[in-house]
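*Asks:* okay, sequence plus prediction incoming.
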Amino acid sequence: MIKINLLPSYVLESRRIKISLVVFVVLLALEGGSIFKAYSDLQAQETWFTNHGSEYVSRKKEADDADALTATWKGKCDTYGKYIDFFSRKDLPAYTASVVKVIQEACGKAVGDGAWFDDISISKDKKVAMKGNIKGLMNFVDYYFRAKDQGYDVKPQALPYPHGLAQQIELDVTGTVTAAILPPPSPPETAVKPDTLYSPAGKKPDAAPAAGAPGAPGAPGAPSAPSAMPMPAA
């Protein structure tokens, strides 16, 4: 079967134009709808930012206040630390060990046959002074040269005695040590009263009465000022 279109060409062209117009209108509506949606979303975001501007300012102020409070407490967090370290004796073992080390070095160099010491002093500049006795003249002579080898000075003694081997001779020994004694643990230099370390919740200092008013310092019949300072305000 053969179909022959006998309609004029302008009839088909009109239909194509109508279809094209419909398609164009539909596409234009879709594009316009997407643009309108994007514009509406942008306006909604702008409105949200505008309405929440004041809230951002208040939140920022809260954060700044919290930072300032943190900085304040950070400066006070070590107030009790130095007291805790002192009373817990944290540095005492190291100090004691340094004292023992110095005494061991000083006495280790001063030992000798027949010698004993009644007084030993060690100064901060590592100087040692020891006083004691030794029995026997020959022991003293031997001790004298042995102490020299250790870097110690022994005061010479010239004490003639008929029984030199049994006589008791005083020892006066001086020298230095290499070890040092650590500074002794000490409490904080400035004592801080408990009422200046904190302020109880809700506690406010009492207002001072006006000059000349009843109860004011110096007023007739006024009680003496208390020795303790009032609690500082939070």
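*Replies:* Happy to help now that I have it.
*Asks:* using the three-state scheme, assign the residue most central in space within the chain.
*Replies:* For the chain, the residue lying nearest the average C-alpha position, counting by CA atoms, centre = their mean, turns out to be D78 (6.5 Å). At D78 the chain is in coil, as set by DSSP: H, G, I helix; E, B strand; the rest coil.
*Asks:* which single helix of the protein contains the most residues?
*Replies:* When the chain is scanned for its longest helix (criterion: DSSP state H), the result is helix 9-51.
*Asks:* each with direction, which strands does whatever helix or strand T174 lives in pair with?
*Replies:* Taking DSSP states H and E as the definition, T174 sits inside strand 168-176. Using DSSP bridges, the neighbouring strands of strand 168-176 in the sheet come out as strand 127-135 (antiparallel), strand 153-154 (antiparallel).
*Asks:* ok now the longest one, how far from the chain's centre?
*Replies:* When distances are taken as CA atoms, centre = their mean, to the nearest Å, strand 127-135 is centred 46 Å away from the chain's centroid.
*Asks:* now stretch 71-84
*Replies:* The gap between the average C-alpha position of stretch 71-84 and the chain average comes to 8 Å, counting by CA atoms, centre = their mean.
*Asks:* would you mind writing the CA trace of it as PDB?
*Replies:* These are the backbone C-alpha positions of stretch 71-84, laid out as PDB (Å, rounded to 0.1, in the frame of the first residue of the first chain):
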ATOM      1  CA  ALA A  71      42.400  32.400  81.900                       C
ATOM      2  CA  THR A  72      41.600  33.700  85.400                       C
ATOM      3  CA  TRP A  73      41.400  30.200  86.900                       C
ATOM      4  CA  LYS A  74      44.500  29.100  85.000                       C
ATOM      5  CA  GLY A  75      46.500  31.800  86.800                       C
ATOM      6  CA  LYS A  76      45.100  30.500  90.200                       C
ATOM      7  CA  CYS A  77      45.300  26.800  89.600                       C
ATOM      8  CA  ASP A  78      48.900  26.600  91.000                       C
ATOM      9  CA  THR A  79      48.100  28.500  94.200                       C
ATOM     10  CA  TYR A  80      48.000  25.300  96.300                       C
ATOM     11  CA  GLY A  81      50.500  23.400  94.100                       C
ATOM     12  CA  LYS A  82      53.500  24.800  95.900                       C
ATOM     13  CA  TYR A  83      52.000  24.000  99.300                       C
ATOM     14  CA  ILE A  84      51.200  20.500  98.200                       C
END
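*Asks:* mean confidence score for it?
*Replies:* Taken as a whole, stretch 71-84 has an average pLDDT of 75.
*Asks:* so R89 sits in a helix?
*Replies:* No: going by three-state DSSP, the assignment for R89 is coil, not a helix.
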